[in-house]
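>>> fold the following, please.
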Amino acid sequence: MLLDAQGQLWGGQSQKDGRLGHGINDSYYKAKSPIPISQKAWSQVSSGKNFTVAIDEKGKLWGWGANYNNVFPNVTTNHNTRPIKLSDKTWQFVSAGTSHFAAIEADGTLWLAGNNNDGQLGTGDSVTPNHLSKVNDDFDWVDVHARENSTIALKADGSLWAWGYNNNGELGLGYKGVSELSPVAMNASNDWKLLSQGIGNHSLAIKNDGTLWSWGHNVNGELGLSHEEQIYTPMQIGTKEDWASAVVGVNHSLVLKQDGRLYSFGDNSSGQLGNGERIDSSKPVYISDGWKSIAAAQTFSVGIKNNGDVYTWGAL
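You can find the predicted model right below:
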């Protein structure tokens, strides 16, 4: 999904499960170029494995695509080929994982819906509900990253919290193998600024001083630490202090510096690192400059240049 400067949302590739929101449910239909998703103006969008959630210009929450694992609260249809409103509340941010999503309401409360088999909804149990569930009664959530089967969130005081599946140490709590059903504070300093987005079992995060950190799954060097060992607590990538944003695919990562320079690391079997090779890299590889925003999927990457041009690389 691509969101242009005018708030128009565009989608491409498979229409299976109605995931493009264009009124079609056809696994054989593939859009060869981006097509507009409704005439509504949007402010933010996030796509999971086979569904999408988005916030419109008025702050309302919408979803379309597959409704497996009750990912769409109070919706009974399995395939939703056009956007359906999920809530009349006003929302400020949404993040889609593999089969669940997390959204921050305008008042700073955090809500989740979808699959809860590993406690990724943070409700204290592993029951999958058919409604949005609020994570405790706090009103100071500012960022959230819904991942494959876990969730990481950031509070206004700079503290990081994690819950859900932890077999690869992706919660950053110093251990692996124990799923957490409720938010647990990460034993790290409270000076975090920004979380990575994307589906995977690893995380990247940027601190207030501009340093870049990573933890979790690392089979292809996707943590950027010059090795392929799993890391259970955040570790700093290099020494630079000018990182602006980070996204993660399943086994690769993209990071953007404040001056628009793009770097990547991890799995490169499909060319998703964008360096003209198919060799994995466990340390950041410089790609080029002039980038404005980035996104990563399972085996491909997307970037938007400062002039608005959209580029993709890897395998769809």
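>>> please, where are all the strands along the stretch 151-300 of the chain?
160-164, 180-185, 192-195, 202-207, 212-216, 231-236, 243-248, 252-257, 262-266, 281-288, 291-296, 300-305 (DSSP state E, counting those that start in this stretch).
>>> which secondary element of this structure has the worst mean pLDDT?
strand 26-36 (a mean of 59; mean pLDDT, DSSP states H and E).
>>> with mean pLDDT and distance to Gly174 as added columns, please give the strands of the stretch 151-300 of the chain in JSON lines.
The C-beta positions use only the backbone N, C-alpha and C, and glycine is treated the same way. What follows is the strands of the stretch 151-300 of the chain, written out as JSON lines (pLDDT from 0 to 100; distance: least, C-beta to C-beta, whole Å):
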{"stretch": "strand 160-164", "mean pLDDT": "97", "distance to Gly174": "11"}
{"stretch": "strand 180-185", "mean pLDDT": "98", "distance to Gly174": "10"}
{"stretch": "strand 192-195", "mean pLDDT": "96", "distance to Gly174": "16"}
{"stretch": "strand 202-207", "mean pLDDT": "96", "distance to Gly174": "14"}
{"stretch": "strand 212-216", "mean pLDDT": "97", "distance to Gly174": "10"}
{"stretch": "strand 231-236", "mean pLDDT": "96", "distance to Gly174": "5"}
{"stretch": "strand 243-248", "mean pLDDT": "97", "distance to Gly174": "20"}
{"stretch": "strand 252-257", "mean pLDDT": "98", "distance to Gly174": "21"}
{"stretch": "strand 262-266", "mean pLDDT": "98", "distance to Gly174": "23"}
{"stretch": "strand 281-288", "mean pLDDT": "98", "distance to Gly174": "22"}
{"stretch": "strand 291-296", "mean pLDDT": "95", "distance to Gly174": "26"}
{"stretch": "strand 300-305", "mean pLDDT": "95", "distance to Gly174": "31"}
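>>> to Ile104, which of the ones you listed lies closest?
Taking C-beta to C-beta, strand 192-195 is the member of those nearest to Ile104, at 11.8 Å.
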